[in-house]
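A.B. asks: generate coordinates for the sequence data below:
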Amino acid sequence: MWRRTWLFFTQAVTVALAVLFVLLTLKPEWLAHGGVRGGLPAPTLVQVAPADAGGAAAAPPVTGYALAARRAAPAVVSVTATRLARRNPHAVDPRFKFFFRDGPGDGQPAQTGLGSGVIVSPEGYLLTNHHVIEDATEIEVQLADGRQARARLIGSDAETDIALLKIALDQLPVIALGDARALQVGDAVLAIGNPFNVGQTVTAGIVSALDRQQSDTPFQNFIQTDAAINPGNSGGALVDAQGRLVGINTAIFSASGGSLGIGFAVPVDTARAVMEALLRGGSVKRGWIGVVPRDLSTELAESLNLPVKAGVLITGVLQDGPAARGGVRPGDLVLKVGDKAVRSTTELLSAVAALAPDSTATLGLQRGTQAVAVQVQVGERSKAQRQQ
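C.D. replies: Coordinates of the predicted model:
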């Protein structure tokens, strides 16, 4: 009796396990009881409601820079500059032509340079870089909407690397100008341009530094950014998170030619001042007084027994120059140009350059233990002085 009961029990368990195996293999959902496989709780999913027919989304907008890009990108253009190829200086020599009839210097194709630009007014004015259009015989502009036009060069300024172009098209998209002086290190910015001629591209980054000096000219106080800037981005837009223009992308620091996260842009207030000067007279005229300045260090101030610790030391004065005629002497310490305090050579040169040629400026000096004010008739900074 006991043996028969045990045989019946083992057969029942075997059949039950076989049925359970079949159910787990073919119909596992019958055994889930509202859970998921492995005993984990069922997920609670949040589904975003789809946009209605009018295009309005029920959910909050996604965080990002799409709005800034949509606002700024239509006003950023691609610039193509055509230059004549450099001819061999001996190409006009008859003996050279005899031996090299169609050789070097003859029949060379024109050189083409690519860059970007920014439309800043509905009248068709564009800002770009001087080096993008330098020595160009023909400049073509292509808008983001596909339209093309030949651009006219209004003028350019090599010292700030800014050029002003004009195109004759209707219904132009225009970018809003921001305030570069309100930028802070860490602010988000976008770089928009046509790198490597791949088409309009938007890259994102932050303001890495302000007032960077990367050349011998004192008139370039760059915005540094890690937004990717590559060849072809030159002359394009650097915009803030609201899509407002804060700079003109100009240069990169790179050994390979590609972006290494160190790019530079001319602040929009500098670009605007250059644009206005070019519109007035076709060139930028800067003041000049004829001095050799030097930054004042703490050690130098102590060695000269100066009662002030900030200013610009004048180490040389050009004979019969504006400063010499006004009474400036070597050893003077410049504290102010007009109402503007100066604490470095860059600030002094920038303040003087901002003065109109032939105007009269007051220089606040420290001469030994005495405070002195002199009147200087401002001269004009010439090309030779720029090269020096």
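A.B. asks: what about Val13, how many neighbours?
C.D. replies: Counted with other C-beta atoms under 10 Å, residues neighbouring Val13 total 10. All C-beta atoms are positioned from the backbone trio N, CA, C, and that covers glycine.
A.B. asks: equivalent analysis for Asp187, please.
C.D. replies: By other C-beta under 10 Å, the residues close to Asp187 number 16.
A.B. asks: what's the separation between it and Arg367?
C.D. replies: Going from Asp187 to Arg367 by C-beta to C-beta, to the nearest Å gives 43 Å.
A.B. asks: mind listing what's buried along stretch 195-208?
C.D. replies: Using 16 or more other C-beta atoms under 10 Å as the test for burial, stretch 195-208 gives Pro195, Gln200, Thr201, Val202, Thr203, Ala204, Gly205, Val207, Ser208.
A.B. asks: wait, which of these is closest to Ala361?
C.D. replies: Val207 (33.0 Å; C-beta to C-beta).
A.B. asks: helix or strand right after the helix or strand containing that closest one?
C.D. replies: Element membership for Val207, per DSSP states H and E: strand 201-212. Next helix or strand after strand 201-212 toward the C-terminus (DSSP H and E): strand 222-225.
A.B. asks: surely Asp161 meets Thr128?
C.D. replies: No. With contact defined as C-beta atoms under 8 Å, Asp161 and Thr128 do not form a contacting pair (9.5 Å).
A.B. asks: next up, the contacts around Val198.
C.D. replies: Gly232 (C-beta atoms under 8 Å, 6 or more residues apart in numbering).
A.B. asks: what separates stretch 310-324 from the chain centre, distance-wise?
C.D. replies: Computed by C-alpha atoms, centre = their mean, to the nearest Å, the chain-centroid distance of stretch 310-324 equals 35 Å.
A.B. asks: can you check stretch 291-309 too?
C.D. replies: 35 Å.
A.B. asks: same question for that stretch: list its buried residues.
C.D. replies: Val291, Pro293, Leu296, Ala301, Leu306.
A.B. asks: report the next helix or strand after the helix or strand hosting the fourth one in sequence order.
C.D. replies: For Ala301, the enclosing helix or strand under DSSP H and E is helix 298-303. Toward the C-terminus, helix 298-303 is succeeded by strand 312-317 as the next helix or strand (DSSP H and E).
A.B. asks: for the helix or strand following that next one, what is the average pLDDT?
C.D. replies: Sequence-wise, the next helix or strand downstream of strand 312-317 (DSSP H and E) is helix 322-326. Mean pLDDT, helix 322-326: 87.
A.B. asks: got the contact list for the helix or strand following helix 322-326?
C.D. replies: Next along the chain after helix 322-326, taking DSSP H and E as the criterion, comes strand 333-337. Here strand 333-337 makes contact (C-beta under 8 Å, 6+ apart) with 293, 296, 306, 308, 310-314, 341-342, 348, 351-352, 355, 361-367, 371.
A.B. asks: quick one: Thr298 and Thr346, what's the gap?
C.D. replies: Distance from Thr298 to Thr346, counting by C-beta to C-beta: 18 Å.
A.B. asks: tell me the domain ranges of the chain?
C.D. replies: Domain assignment for the chain by automatic domain parsing gives 67-101+109-166, 180-281, 287-387.
A.B. asks: circling back to that earlier point, pick out whichever of the buried residues of stretch 291-309 sits closest to Ala176.
C.D. replies: Closest to Ala176, out of all of those and judged by C-beta to C-beta, is Pro293, at 37.7 Å.
A.B. asks: pairing partners for the one helix or strand the closest one maps to, with directions?
C.D. replies: Assigned by DSSP H and E, Pro293 belongs to strand 291-295. Strand 291-295 has the following strand partners under DSSP bridges: strand 312-317 (antiparallel).
A.B. asks: which SS state does Leu348 fall under?
C.D. replies: Secondary structure assignment for Leu348 (DSSP: H, G, I helix; E, B strand; the rest coil): helix.
A.B. asks: these two touch, right, it and Val342?
C.D. replies: Yes. Using C-beta under 8 Å, Leu348 makes contact with Val342 at a distance of 4.5 Å.
A.B. asks: what do those two both touch?
C.D. replies: Common neighbours of Leu348 and Val342 (C-beta under 8 Å, 6+ apart) are Val312, Val334.
A.B. asks: so for those two, which sits in the more crowded spot?
C.D. replies: Set Leu348 next to Val342 and count neighbours by other C-beta under 10 Å: Leu348 wins out with 25 against 22.
A.B. asks: quick revisit: the strand holding Val207 pairs with which strands?
C.D. replies: Strand 201-212 has these strand partners (DSSP bridges): strand 188-193 (antiparallel), strand 222-225 (antiparallel).
A.B. asks: give me the contact list for the first one.
C.D. replies: It refers to strand 188-193. Counting by C-beta under 8 Å, 6+ apart, 65, 68-69, 72-73, 76, 115-116, 183, 200-207, 223, 225, 227-229, 232-241, 243, 246-247, 249, 263, 265 sit against strand 188-193.
A.B. asks: what residues sit buried inside that strand?
C.D. replies: Val189, Leu190, Ala191, Ile192, Gly193.
A.B. asks: turn those residues into CSV, including pLDDT.
C.D. replies: Listed next are the buried residues of strand 188-193 as CSV, based on pLDDT from 0 to 100:
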residue, pLDDT
Val189, 92
Leu190, 93
Ala191, 93
Ile192, 92
Gly193, 90
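A.B. asks: could you single out the nearest of those residues to Val13?
C.D. replies: Out of the buried residues of strand 188-193, the member with the shortest distance to Val13 (by C-beta to C-beta) is Leu190, at 70.3 Å.
A.B. asks: look up how far Ala228 lies from that closest one.
C.D. replies: 10 Å.
A.B. asks: that's all I had, so thanks and see you.
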